[in-house]
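Asks: sequence unknown, structure follows:
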């Protein structure tokens, strides 16, 4: 699957670390258990980390200034923890780098991913990219606040709760 950003295919400058192999030069995404190895590399090569859905993103707080990418994993369509991780990275930890969705996200979830702060998507599935582009364009009304700093639409209930 190509890398999607804002509903369009984009070039992927990142290399994923291979288990048991030395870390490559350049921009590399390491699994969480190899993060210290990635941080110890010489130079200022871009570094990213891939985390599982069970990781508390607060554990990354001390290394976030050194990271340019955090990849959150969608293990199944029923598991929404990656949405929570992305939102926490943006809102609570003020992470401004790339948040990448990996694993098995669905096109139906795409707009929600963007609203939670995910910037790029790379799935294990071989779906048609046009399906992802359509999913990005179909949903146009938002009821909840977003990391995208957009205006909410719709009646909502907040006006009745004050």
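Replies: Yep, that arrived. Keep in mind that this is a model prediction, so the values were computed, not measured.

Asks: tell me what the lowest-mean-pLDDT helix or strand in the chain is packed against?
Replies: Of all helical and strand segments in the chain, the minimum by mean pLDDT, DSSP states H and E falls on helix 129-138, at a mean of 76. With contacts taken as 3 or more CB pairs under 8 Å, 6 or more residues apart in numbering; DSSP states H and E, helix 129-138 sits against helix 110-116. C-beta here means a position set from N, CA and C on the backbone, and glycine is covered the same way.

Asks: next SSE downstream of the helix it packs on?
Replies: Using DSSP states H and E, the helix or strand that follows helix 110-116 in sequence is strand 120-123.

Asks: which residues touch that following strand?
Replies: Residues external to strand 120-123 that are found in contact with it (CB atoms under 8 Å, 6 or more residues apart in numbering): 1-5, 10, 12, 98-105, 110, 113, 132.

Asks: again, 10 Å this time
Replies: 1-7, 10, 12, 14, 16, 69, 71, 74, 98-107, 109-110, 113-114, 132 (CB atoms under 10 Å, 6 or more residues apart in numbering).

Asks: average model confidence for that strand?
Replies: Mean pLDDT, computed over strand 120-123, is 90.

Asks: repeat that for stretch 56-64.
Replies: 96.

Asks: do the same with stretch 21-37
Replies: Stretch 21-37 comes out at a mean pLDDT of 94.

Asks: quick one: end-to-end distance for that stretch.
Replies: In terms of CA to CA, to the nearest Å, the two terminal residues of stretch 21-37 are separated by 12 Å.

Asks: just the buried residues of that stretch, please?
Replies: Under the neighbour-count criterion of 16 or more other CB atoms under 10 Å, stretch 21-37 has 23, 28-31, 34-35 buried.

Asks: again, but for stretch 44-64
Replies: By neighbour count on 16+ other CB under 10 Å, the buried set for stretch 44-64 is 46-51, 53, 55, 57, 60, 64.

Asks: which ones among the residues you listed are found in helices?
Replies: Counting by DSSP state H, none of the members of the buried residues of stretch 44-64 fall within helices.

Asks: the residues you listed: which two are farthest apart?
Replies: Distance extremes for these: the farthest pair is 46 and 53 at 23.9 Å, using CB to CB.

Asks: where along this structure do the strands fall?
Replies: 3-5, 8-10, 15-16, 28-31, 47-51, 69-74, 98-103, 120-123 (DSSP state E).
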